[in-house]
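1. Return a 3D structure for these sequence lines:
(2 chains)
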Amino acid sequence: MNLHNFTRLKPNDSLMRIARTPVKQAVRPQVPIDLSLMDPLISKYKGRKGNLIPLLQGTQDLYGYIPREAFEKLAAETDLKLSEMYGVATFYSQFRLRPVGKHIIKVCHGTACHVQNANAISDALREALKIEDGETTEDGLFTLESVACLGCCSLAPAMMVDDEAFGKLTGNEAVRIVKNIKIKENK
Amino acid sequence: MHSSTKVIVGLGSCGMAAGAKKVYDKIAALKQVENLDFELKKTSCVGMCYREPLVEIIDESGSYLYGEIDENRAMEIIEKHIHQKSPVRDYVVYTDLFETPDRSFTDGQVKIVLRNCGYIDPESIEEYESRNGYRAIKKIAGSGISRLDVIQTVIESGLRGRGGGGFPTGLKWKFTNNNKSDEKYIICNADEGDPGAFMDRSVLEGDPHSVIEGMIIGAYAIEATSGVIYCRAEYPLAIKRLNIALEQARKKGYLGTNILGITGFNFDIVIKEGAGAFVCGEETALIASVEGLRGMPRKRPPFPAASGLWKKPTNINNVETFANIPWIILHGGAEYAKYGTEKSKGTKVFALAGKIKRSGLVEVPMGMTIRDIIFKLGGGIKGDKKFKAVQMGGPSGGCIPEYLVDTKIDYDSVNATGAIMGSGGMVVMDESTCMVDMAKFFLDFTQKESCGKCTFCRIGTKRMLEILERITQGKGEEGDIQRLEELSFQIKESSLCGLGQTAPNPVLTTIRYFRDEYEAHIIHKKCPAKVCKPLLTYTIDPEKCTGCTVCAKSCPTGAIDGARKQVHFIRQEACIKCGICYTKCKFDAIIVE
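-> Presented below is the predicted three-dimensional model:
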């Protein structure tokens, strides 16, 4: 499999998850990827059965996504096959094959949030950040995603920025939270 | 320093989202600066999510639970309650000492699964032990209760799988126990994927040891050698607390080799983080995912009890099921079976959400009516609007309409309505919820989450979604309802796993109970709940319009005309029905029909 062609190898529509809408990406300088960061991870899981998902999760924790080079390194150094890894990486909504922003905004679209107008939160963020779902802002700060349920249903509508949850939102409130993060980043 | 006064802050995910961490930090700072004499502690969710952040103060006179505490109110209650010894009655949401408005939320609840949630620090094994924690496994070890007796107790309790399937837990254990093997697995399904359900998260965050003890007892009963908790990655706090709890349990010898002196009882648990796939709630798909594969279900038999993880006998139960187990062992199966109905014993935790006044977690005996849960415990509908339906069972469930609100909550009665008990999510809907839009919402979910293995589930849900999209866009055709029904039956008949077999339920129940709404969309091209935007018409009320021009300025297509201080009007041919004018108008002059 030619991993250069991720974009053309998208699984059929019914397999696509909410969070992985095909997108245009902001043009950012290519930062060389330090693959040696993966060595402790590989030595921890190498040869263990059922290690594929933890290896991919660990890799994504390091880089924010799973770079092509990382797949190739895993294929070379473990007994996992590229095809196997690609199959798993595209099956689960957690895995990303493209770089993401420094902060990931997950807007909840669970049932409770849906009936309390979660769409307004997504709309407001799309407008404020000038990106669509799944895209990353040009400055590389934010990636906007929709997720199925964060489990904060009593605080609907809710969103999560990185690991922090925010509830009882309005569109304006969501935008304010994101802007505050941006102000902190630009200091 | 040892003080009898305790200040306890609820730090579950929902509390934190409401700002509880700031409150905790504020109280900690006050305590330090003013050198106050009280013990500051953490706990997790007590279920009153609608009152978060919650702070409980326990002093000589009793316990006071304060609700909706922000940093300012925190300062106030510390000043008045701690310094001046005078509780701030206005903020107290629950106490045994005087009447509070929220008493009806707790009346009628029976806390077995949630027995410790909100009462203990989930990161302290000693606090769990102080409330009968690990007493059940000690009882088994101390009195030499046999494996079969443990299983018999669980069978007697009548406990059925709380993940949604409702299969008798004791029988499941018996089957796994019958299959002899040198390696066996016990798995806790904590992949709570139903949008609208959050009880498993609360239990894992609030009382992780009860789940771990339940697993240890299960492992003993079926002779399992290893345990796996499969928890969704969206619950970072639950995973963190589970890891802490596992480490503590190992140190105390509840996990490891020859546990509590039972020769040959060697057992430990690992956590596997789910990678985000709803279908992994299905047990064979979950097993595939633990093995590191794509989480696709396979044909049963063989059932996991015979051939599961790594082809070894495997028992899978849900979080809530395991949390019941220590209580059942301690109090006996018969005691548990006193609660509930003939075929559904014990209690069930429900997550109340949506258009309900008190959203949160409640645990009630089986057999309570939906009316009592929503109107007595839940306090009724937000803004006193009209109750329309309650969605139970998530994407596999259905909408139960207002006229069936006296349905009793047990597996069979709920199934009879076309919904399912599911994991216990109850999303309440009022008159402003469009049922066709709801059906579309769930189909959109299942369509995306279908693993793709069975053709009818993969393509059938897609076709159904397309029809629903058409209907909500005002392009519905005669015969669409029949087409939806026909596809539904085909998908139910020809799908391998629970996801496909139940995916059409939200559509079928809404057609069954709200056919008139479908017809309004298809025939009259109207959305009675005013949700489906393409079916709405926006006009301006000339009586109310002041000509402020705000709507005209904010209209993205320039469809609104009118001079300053003169009545404006919307050119319908240019209107894209985005609703921006409606939200911007300060004079309620935009009419939506």
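
2. So B:Gly383 belongs to a helix, correct?
-> Yes - the secondary structure assignment for B:Gly383 places it in a helix, going by DSSP: H, G, I helix; E, B strand; the rest coil.

3. quick one: contacts for it?
-> B:Lys355, B:Asp430 (CB atoms under 8 Å, 6 or more residues apart in numbering or on different chains). To be clear about C-beta, it is placed using only N, CA and C from the backbone, and glycine gets the same treatment.

4. Please put the alpha-carbon coordinates of stretch B:541-555 into PDB.
-> The C-alpha trace of stretch B:541-555 is given here as PDB (Å, rounded to 0.1, in the frame of the first residue of the first chain):
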ATOM      1  CA  ASP B 541     -44.600  41.200  11.800                       C
ATOM      2  CA  PRO B 542     -45.300  44.800  10.600                       C
ATOM      3  CA  GLU B 543     -46.800  45.600  14.000                       C
ATOM      4  CA  LYS B 544     -43.600  44.800  15.900                       C
ATOM      5  CA  CYS B 545     -40.900  45.800  13.400                       C
ATOM      6  CA  THR B 546     -39.300  49.100  14.400                       C
ATOM      7  CA  GLY B 547     -37.100  49.300  11.300                       C
ATOM      8  CA  CYS B 548     -33.900  49.100  13.300                       C
ATOM      9  CA  THR B 549     -32.200  47.400  10.200                       C
ATOM     10  CA  VAL B 550     -30.400  44.800  12.400                       C
ATOM     11  CA  CYS B 551     -32.000  41.900  10.500                       C
ATOM     12  CA  ALA B 552     -31.200  43.300   7.100                       C
ATOM     13  CA  LYS B 553     -27.600  43.900   8.100                       C
ATOM     14  CA  SER B 554     -27.200  40.300   9.400                       C
ATOM     15  CA  CYS B 555     -29.000  38.500   6.600                       C
END
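
5. touching chain A at all, it?
-> No - when contact is scored as CB under 8 Å from any CB of the partner chain, no part of stretch B:541-555 falls within range of chain A; the minimum is 11.8 Å.

6. repeat for stretch B:278-297
-> Yes - legend: contact between stretch B:278-297 and chain A by CB under 8 Å from any CB is shown at B:Phe278, B:Ser289, B:Val290, B:Glu291, B:Gly292, B:Leu293, B:Arg294, B:Gly295.

7. And that stretch, end to end?
-> 12 Å (CA to CA, to the nearest Å).

8. pLDDT of that stretch, averaged?
-> Computed over stretch B:278-297, the mean pLDDT rounds to 94.

9. Now do the helices in chain A.
-> Per DSSP state H, chain A has helices spanning A:39-45, A:52-63, A:68-77, A:82-91, A:111-115, A:118-129, A:171-186. These are given in chain order.

10. The particular helix or strand that has B:Ala29 in it packs against which elements?
-> According to DSSP states H and E, B:Ala29 maps onto helix B:20-33. For helix B:20-33, the packing partners by 3 or more CB pairs under 8 Å, 6 or more residues apart in numbering or on different chains; DSSP states H and E come out as strand B:6-10, strand B:39-43, helix B:71-77.

11. Off-centre distance for the longest one?
-> In this case it means helix B:71-77. In terms of CA atoms, centre = their mean, to the nearest Å, the centre of helix B:71-77 is found 31 Å from the chain centre.

12. so for the helix or strand that it is followed by, what's the average pLDDT?
-> Tracing the chain C-terminally past helix B:71-77 and defining elements by DSSP H and E, one meets strand B:92-95 next. Taken as a whole, strand B:92-95 carries a mean pLDDT of 92.

13. which residues are in contact with the helix or strand just after strand B:92-95?
-> Using DSSP H and E, the helix or strand that follows strand B:92-95 in sequence is helix B:103-106. Counting by CB under 8 Å, 6+ apart, the neighbours of helix B:103-106 from elsewhere in the structure are B:Met48, B:Tyr94, B:Arg358, B:Gly360, B:Val362, B:Lys376, B:Leu377, B:Gly378, B:Gly379.
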